[in-house]
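Chemist: how would this look folded up:
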Amino acid sequence: ANLRAGMEAANAVVTRTPLPSVRIAAIHLTQIFQNLIGNAIKYHSESPPEIDILADRRDDYWLFRVKDNGIGLDPRYREEIFGLFKRLHRAEEYPGTGLGLAICQRIVERTGGRIWVESEIGKGSTFFFTLPAAD
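Modeler: Here you go, the predicted structure:
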């Protein structure tokens, strides 16, 4: 709901598997998804954004994947993009503060999880993160 206007403007489609219960405040989980989905919409390619959200159980945690068909990024910046105020593009090209992924990382790491990205330029990105299972 927080991203509805941007989704409609970009003709974005978000699909998901059933999402599990995890041990994290709802507001923090919202921030993670809002930042990752928002970035997928912002950094879309010529095609309308397609965003797939999947969750797989792994022992006592859940592995989430947020996959998009966007512009992707050079793999050498995989770690750098999680830094405060780190941006790979000029503000004139793509607006933003460079805080979204840093916030995601802080939230995920506070739960004992981790977050990372796999991507190639022109081939979209998949952000992975782990959160403890609620049961």
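Chemist: what about the strands in the protein?
Modeler: When secondary structure is read from DSSP state E, the chain shows strands at 13-16, 50-58, 61-68, 115-119, 125-132.
Chemist: so which bits of the longest one are buried?
Modeler: Read that as strand 50-58. Buried residues in strand 50-58, counting neighbours by 16 or more other CB atoms under 10 Å, are found at Glu50, Ile51, Asp52, Ile53, Leu54, Ala55. In short, each C-beta sits where N, CA and C put it, glycine included.
Chemist: how far away from the center of its chain is that strand?
Modeler: 11 Å (CA atoms, centre = their mean, to the nearest Å).
Chemist: and the angle for that strand with strand 125-132?
Modeler: If you take axes from the mean of the first three to the mean of the last three CA atoms, to 10 degrees, strand 50-58 sits at 30 degrees to strand 125-132.
Chemist: that older thread, among the strands of the chain, which is nearest Arg76?
Modeler: Among the strands of the chain, strand 115-119 comes nearest to Arg76, with 10.6 Å by CB to CB.
Chemist: re the thing from before, now tabulate the strands of the chain in TSV and tack on mean pLDDT and distance to Ala40.
Modeler: Formatted as TSV, the strands of the chain follow (pLDDT from 0 to 100; distance: least, CB to CB, whole Å):
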stretch	mean pLDDT	distance to Ala40
strand 13-16	96	8
strand 50-58	97	5
strand 61-68	97	4
strand 115-119	94	11
strand 125-132	96	8
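Chemist: tabulate the ones you listed (TSV), appending distance to Gly38.
Modeler: Converted to TSV, the strands of the chain look like this (distance: least, CB to CB, whole Å):
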stretch	distance to Gly38
strand 13-16	11
strand 50-58	10
strand 61-68	11
strand 115-119	15
strand 125-132	12
